[in-house]
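Engineer: how would this look folded up:
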Amino acid sequence: MELLAVEAAGRGMSVRAAEEPGLAGPAYWYGGPVAGARLAGRLGFALLEPSDGWLAALPEEFTGRQVRVGTIADAWAIDRPTFVKPPRDKSFPADVYTDGSRLSHDLDPAAPVLLSDVVTFAAEYRLFLLDGRIAAASRYAVFGRLDPSPLGTDRADRSTAAELTEFADRLVATAGHTLPSAVVVDVGQLLDPYRPGHRWAVVEANMAWFSHAYTADPARVLDVVLRAAGPRENLRARDAAFVRHPVVDPVRPSARASSASVPHR
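Structural biologist: Predicted coordinates:
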């Protein structure tokens with residue numbers, strides 16, 4: 001976030017913490033979804049996000065595994081190891097659960113979840129997409145462990161970047177219309193248990209305004225964030241279906257909010 005704040009300030013934008021008094025729109029947002037939805041109406045920004053069921057609706061050509069949308073109640077009923085995650089919030093840890101008893105019973109039984117086969121990703125990459133193109137990218141994990149690294153630093157990285165671009169182009173050609181114009185898609189090298197090597201597969205899609213940039217170019221990441229969480233008056237018609245609904249903003253913004261970026265104009 002600090003690198004994005006420096007980049008925003010360099011563009012003549014005032015970077016403010018969301019809990020500061022006196023904020024007024026139009027504004028841009030980079031921070032948590034709960035606070036963002038609460039402040040969106042008052043500060044006049046529109047938050048773009050993929051749908052809860054986007055990953056499950058993708059052809060298996062792109063997921064490399066079976067993924068379905070369910071509820072917490074469905075997750076409680078699983079009787080074999082399953083990867084379970086909330087589609088967009090952090091209400092519980094995304095992880096492999098050996099059975100449903102491992103999930104907290106304090107959760108809302110009707111809350112949506114994604115349930116998928118357990119697979120192994122050798123490496124995972126974060127792609128910031130803008131208008132269907134990779135604006136910025138970074139590796140963020142190796143065999144499930146956080147290990148950020150920039151792309152394009154050596155010949156192997158350049159080959160990986162070319163493969164990522166080819167995969168992203170195929171994904172956008174097939175399913176680009178089901179994503180907002182500014183979004184994060186995480187993809188990975190999925191190990192094939194039956195033969196050597198890997199195949200590319202989508203890990204998940206995320207909101208650009210609530211995604212860590214890791215080692216991606218901050219300037220290009222900011223371009224994506226500004227589209228994904230900018231003034232509602234700038235909202236493009238194709239993105240209207242992907243706007244998170246705002247909620248009533250109390251008199252004082254929550255201290256859990258992360259930040260808002262307000263232009264000098």
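Engineer: Please look at residue 148 and residue 142 and confirm they touch.
Structural biologist: No - using CB atoms under 8 Å, residue 148 is not in contact with residue 142; the gap is 9.7 Å. Placement of C-beta: from N, CA and C, glycine included.
Engineer: Now do the contacts for the closest residue to residue 205 other than its chain neighbours.
Structural biologist: With sequence-adjacent residues excluded and distances taken as CB to CB, 6 or more residues apart in numbering, residue 205 is closest to residue 50, at 4.0 Å. If you count contacts by CB atoms under 8 Å, 6 or more residues apart in numbering, residue 50 has them with 88, 178-180, 183, 205-207, 242.
Engineer: For this protein, which segments are assigned as helices?
Structural biologist: Counting by DSSP state H, the chain has these helices, from start to end: 2-10, 33-43, 54-57, 60-63, 72-76, 155-175, 218-228.
Engineer: tell me the mean pLDDT for the fourth one?
Structural biologist: What that stands for is helix 60-63. In this model, helix 60-63 has a mean pLDDT of 95.
Engineer: Which of the contacts of residue 50 are buried? Put it as a ChimeraX command.
Structural biologist: Only the buried entries of the contacts of residue 50 go into this ChimeraX selection, using 16 or more other CB atoms under 10 Å:
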select :88,179,180,183,205,206,207,242
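Engineer: Let me know the closest of the contacts of residue 50 to residue 21.
Structural biologist: Among the contacts of residue 50, residue 207 lies closest to residue 21 (CB to CB), at 26.2 Å.
Engineer: And the closest residue to the closest one other than its chain neighbours, what's its pLDDT?
Structural biologist: In space, not counting the residues next to it along the chain, residue 207 is nearest to residue 49; the distance is 4.4 Å by CB to CB, 6+ apart. Here the pLDDT value assigned to residue 49 is 96.
Engineer: cool, residue 83 as well?
Structural biologist: 95.
Engineer: ditto for residue 160
Structural biologist: On pLDDT, residue 160 comes in at 89.
Engineer: need the contact list for the nearest residue to residue 46 once chain neighbours are set aside.
Structural biologist: Spatial nearest neighbour of residue 46, chain neighbours left out: residue 232 (4.3 Å); criterion: CB to CB, 6+ apart. When contacts are counted by CB under 8 Å, 6+ apart, residue 232 is found next to 26, 40, 44-46.
Engineer: With mean neighbour count and distance to residue 22 as new columns, can the helices of the chain be given to me in a markdown table?
Structural biologist: Listed next are these as a markdown table, based on neighbours: other CB atoms under 10 Å; distance: least, CB to CB, whole Å:
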| stretch | mean neighbour count | distance to residue 22 |
| --- | --- | --- |
| helix 2-10 | 15 | 19 |
| helix 33-43 | 20 | 12 |
| helix 54-57 | 19 | 37 |
| helix 60-63 | 15 | 46 |
| helix 72-76 | 19 | 40 |
| helix 155-175 | 14 | 41 |
| helix 218-228 | 23 | 22 |
